[in-house]
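Peer 1: structure of the sequence below:
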Amino acid sequence: MVNYARDRARDSARDTAGDPPETAPAPSLAVHAHGLTVVRGGRTVLDALGFDVPQGQITGLLGPSGCGKTTLMRAIAGTQAKVAGTLDVLGAPAGHPRLRPRIGYVTQAPSVYDDLTVRQNLDYFAAVLQPGPAARAERRAAVTRAIEDVDLTDHADVLAAHLSGGQRSRVSLAVALLGDPELLVLDEPTVGLDPVLRRDLWNLFHTLAARGTTLLVSSHVMDEADRCHRLLLLRDGRLLAEGTPESLRARTHSATVEEAFLHLAAGPHDLTPDPRTPEATEPGTVPVDAAPVLAPATAPAPATAADADNADADADPDADADAGRPAGRRASAARTTATAARVLRQLRHDPRTIALMLLVPCAMIALLRYVFDASPRTFDGIGASLLGIFPMITMFLVTSIATLRERTSGTLERLLALPLGKADLIGGYALAFGLLAIVQSALATALSIGLLGLDVTGSPWLLLLVAVLDALLGTALGLFVSAFAASEFQAVQFMPAVLMPQLLLCGLFTARDTMQPALKALSDVLPMSYAVDGMDQVRHHADATPAFVHDTLIVTACALLVLTLGAATLRRRTP
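Peer 2: Residues are numbered from 1 along each chain as shown. Modelled structure (predicted):
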């Protein structure tokens with residue numbers, strides 16, 4: 001990493017060699033906030049903040065834990081809901097879709113996939129930022145460069161779960177460096193790092209700033225203040241002061257920024273400059289006792305955060321002008337397949353989950369066969385239906401837990417801050433688990449008919465078709481239910497509520513025509529009823545009957561509807 005910083009600095013010096021000295025122009029603004037307020041759970045987390053972040057500089061956001069730093073960074077990155085006031089980022093309302101490829105966001109906890117290697121993590125995020133086969137070479141170079149920047153070349157092929165906490169934080173930072181973002185929003189990126197790595201990271205930050213990147217770095221460690229060009233001091237959701245480290249020390253007559261912070265936090269004091277300490281005079285410095293400076297007249301008219309909510313708070317890139325064009329559709333398809341490939345890579349590192357999906361349904365059907373060993377007709381009567389029910393239950397469990405991990409690990413928040421459509425993400429999951437559903441259903445069908453002697457009149461391929469549709473329905477239900485569970489334990493608890501009524505009313509245990517009218521009416525709106533009816537049609541008829549087509553179309557429509565509802569539960573802005 002040190003070599004990287006030295007080489008970049010040498011390149012920058014070579015580029016400017018021989019240029020006549022000139023007065024540095026006033027920096028334009030990367031972020032402008034005025035009256036920025038966030039209220040969460042009845043508590044004011046950010047209280048009417050006003051500040052500016054100049055472009056091409058490192059601005060430090062310092063304050064104690066719980067003062068609102070993370071909420072402010074989420075607001076700037078566009079993932080914080082219910083933001084009031086003005087928040088303009090790179091000339092657009094915070095959260096606007098056009099900003100997503102221009103901002104690199106690092107959450108406080110490392111937002112990476114533990115069951116992928118370092119390189120696989122970066123490969124996926126690079127594919128989201130630069131989709132399509134035409135950008136493959138460029139993506140590969142960007143991934144290699146980012147791994148080198150954070151000094152993880154020797155660990156590129158190691159699973160993230162096997163890395164230390166500091167190494168995982170560097171993987172998360174490397175993801176943010178992909179795509180050469182104009183603004184880096186880094187939430188405590190040096191937490192847990194040893195002094196050498198902290199020094200190297202700060203060298204990298206300064207190199208990036210010298211090349212024009214704007215960095216907003218939060219920390220509760222005051223000794224990092226002097227590494228920043230400018231500071232925002234935050235306490236209890238209020239902005240105590242903003243300015244350079246030198247100006248803050250001078251105006252509080254303090255030897256360190258930490259003393260200056262404590263001085264300001266204690267209350268009003270005499271903030272006249274110390275004549276022995278020179279004040280900073282560079283453009284953009286704001287006195288600690290002055291009102292925040294508004295955007296200059298030449299800056300774009302600031303947009304309110306409410307405007308961003310109304311215009312595009314949860315919009316996909318599909319809402320952009322290019323989305324309806326062939327290039328936009330190709331990019332969306334590429335992101336969907338990249339997500340599916342990522343999910344399959346994760347499963348490859350998790351053999352227990354693969355065994356659960358592929359072998360448990362087969363084992364359950366085999367057990368059922370030997371339970372009814374003395375009554376083959378009974379096995380024939382319910383075995384075909386269970387070919388669809390077992391995969392549905394299995395895919396429901398696996399998908400709900402996998403998607404919930406995406407939410408709780410922070411990777412979902414990071415993904416939705418990138419130019420990834422919600423339909424692309426849901427479609428990728430559906431594609432990956434759909435492929436597994438085909439394999440799962442094929443194994444169970446081949447076992448039932450070929451080895452266990454399940455007697456069906458119709459084609460085994462029609463039986464397989466319904467089994468696959470049932471598994472896809474289970475996948476869709478799992479994606480949808482994961483939005484309402486706060487833990488894996490809760491996701492499992494949803495299974496009885498979602499699947500047991502369908503299992504009891506689908507006609508497997510008693511004919512639907514003999515049920516009470518209210519129960520019959522309820523069974524008519526449950527998709528598993530039509531899955532069982534479709535299987536029963538294959539068992540009794542050699543060809544695909546109109547009733548079979550009707551049943552399979554309903555199951556397909558239900559799966560698509562639930563997938564759409566699952567996409568609707570995704571929110572780019574969360575409380």
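Peer 1: C-alpha only now, for contacts and for neighbours.
Peer 2: Noted.
Peer 1: from Cys558, how far off is the residue nearest the centre of the chain?
Peer 2: In the chain, the residue lying closest to the centroid (Cα atoms, centre = their mean) is Leu412, at 2.1 Å. According to Cα to Cα, to the nearest Å, Leu412 stands 25 Å off from Cys558.
Peer 1: same check on Leu505?
Peer 2: For Leu505, the distance to Cys558 - Cα to Cα - is 17 Å.
Peer 1: ok, now Val481?
Peer 2: Using Cα to Cα, we find Val481 at a distance of 15 Å from Cys558.
Peer 1: more neighbours: which of the two?
Peer 2: Val481 (26 against 21; other Cα atoms under 10 Å).
Peer 1: for the helix or strand hosting Leu216, packing partners?
Peer 2: Using DSSP states H and E, Leu216 falls within strand 214-219. Applying 3 or more Cα pairs under 8 Å, 6 or more residues apart in numbering; DSSP states H and E, one finds that strand 214-219 contacts strand 58-62, strand 183-187, helix 195-210.
Peer 1: tell me the domain ranges of the protein?
Peer 2: Following the TED database, the chain resolves into domains at 29-265, 350-568.
Peer 1: got the end-to-end distance for the last one?
Peer 2: End-to-end distance for domain 350-568, by Cα to Cα: 29 Å.
Peer 1: can you check the longest one too?
Peer 2: Domain 29-265 has its terminal residues 27 Å apart, counting by Cα to Cα.
Peer 1: how distant is that domain from the center of its chain?
Peer 2: 16 Å (Cα atoms, centre = their mean, to the nearest Å).
Peer 1: run through who's touching stretch 148-168.
Peer 2: 1, 4, 110, 112-120, 147, 170-171, 173-174, 191-193, 201, 204 (Cα atoms under 8 Å, 6 or more residues apart in numbering).
Peer 1: are any of these buried, and which?
Peer 2: Buried subset of these (neighbour count, 16 or more other Cα atoms under 10 Å): 1, 4, 110, 112-120, 147, 170-171, 173-174, 191, 193, 201, 204.
Peer 1: count the neighbours of Arg571 for me.
Peer 2: 18.
Peer 1: now name the helix or strand holding it.
Peer 2: Counting by DSSP H and E, Arg571 is part of no helix or strand.
Peer 1: measure it to Ala423 for me?
Peer 2: Distance check for Arg571 against Ala423: by Cα to Cα, it reads 12 Å.
Peer 1: likewise for Val538?
Peer 2: Taken as Cα to Cα, the span from Val538 to Ala423 is 33 Å.
Peer 1: what about these two, which has more around it?
Peer 2: Remark: of Val538 and Ala423, Val538 carries more neighbours, 23 against 20, as counted by other Cα under 10 Å.
Peer 1: phi, psi for the closest residue in space to Pro54 that isn't next to it in sequence please.
Peer 2: Nearest residue to Pro54 in three dimensions, chain neighbours excluded: Leu29, at 4.4 Å (Cα to Cα, 6 or more residues apart in numbering). Note on Leu29: its backbone torsions stand at phi -100, psi 130 [degrees, to the nearest 10].
Peer 1: repeat that for the one 4 residues further on.
Peer 2: Backbone torsions of Ala33, given as degrees, to the nearest 10, read phi -130, psi 140.
Peer 1: what bridges to it?
Peer 2: Here Ala33 sits in beta bridges with Phe51, Leu87, going by DSSP bridges.
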